[in-house]
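> The following block contains a protein sequence and its predicted model.
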Amino acid sequence: MDNVGIYTPPQQRKSAPVTGSALFEPGLTNNELEVTQSAQDKLQEIISQTDEDVSAIRIYISGGGCGGLSYGMTFTDEQTDFDTILQFDGFRILVDVVALNYLRGAQIDYIQEVGRERFVFNNVFAETGGSGVCGGCGAAGGGCA
């Protein structure tokens with residue numbers, strides 16, 4: 001009975017520190033979010049005409065529910081810890097990781113039609129399989145609560 005009452009704590013296993021890149025990769029590729037050459041050219045033109053503090057364009061999503069999601073772009077000079085970055089010559093595109101989940105596989109294009117110029121988000125939800133609308137609204141004959 002020599003060792004009665006002696007407590008020996010369990011040995012804690014030392015693990016390698018987790019680096020930020022192991023959890024989150026801020027680099028974004030054109031395969032994840034394609035920006036056509038016409039869109040790149042127009043974005044470069046627009047950003048070159050703005051204030052010197054603006055160095056990036058943020059792509060965001062808003063809305064949801066029956067109306068689906070809306071996609072947009074705005075100028076920014078601030079980057080967050082949760083932004084993924086698509087680098088171009090002269091400007092960057094920032095997309096936070098939540099928006100990227102809805103944009104992965106999409107294409108941003110710039111279209112010039114008679115009397116109308118616009119950026120278009122094509123193939124949105126390409127990898128997630130969503131449609132951006134609910135089945136109970138609009139043409140489906142249902143209503144939203």
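The structure has been received and is ready for your questions.

> C-alpha only now, for contacts and for neighbours.
OK.

> what about residue 97, neighbour count?
When neighbours are counted by other C-alpha atoms under 10 Å, residue 97 registers 17.

> Repeat that for residue 57.
If we define neighbours as other C-alpha under 10 Å, then residue 57 has 21 of them.

> So it versus residue 66, what's the distance?
28 Å (C-alpha to C-alpha, to the nearest Å).

> and what of residue 49?
In terms of C-alpha to C-alpha, residue 49 sits 37 Å off from residue 66.

> Neighbour count: the two, which is higher?
A direct count of neighbours by other C-alpha under 10 Å for residue 49 and residue 66 places residue 66 higher, at 16 against 10.

> quick one: the helices in this structure?
Applying DSSP state H to the chain gives helices spanning 20-23, 37-48, 97-103.

> Would you mind finding the most buried of those?
helix 97-103 (a mean of 18; mean count of other C-alpha atoms under 10 Å).

> That one - contacts with which helices or strands?
Counting contacts by 3 or more C-alpha pairs under 8 Å, 6 or more residues apart in numbering; DSSP states H and E, helix 97-103 packs against strand 56-63, strand 83-88.

> Could you give the number of residues near the nearest residue to residue 82 once chain neighbours are set aside?
Counting by C-alpha to C-alpha, 6 or more residues apart in numbering, residue 82 lies nearest to residue 96, which is 5.4 Å off, once chain neighbours are set aside. Neighbours of residue 96 under the rule other C-alpha under 10 Å: 19.
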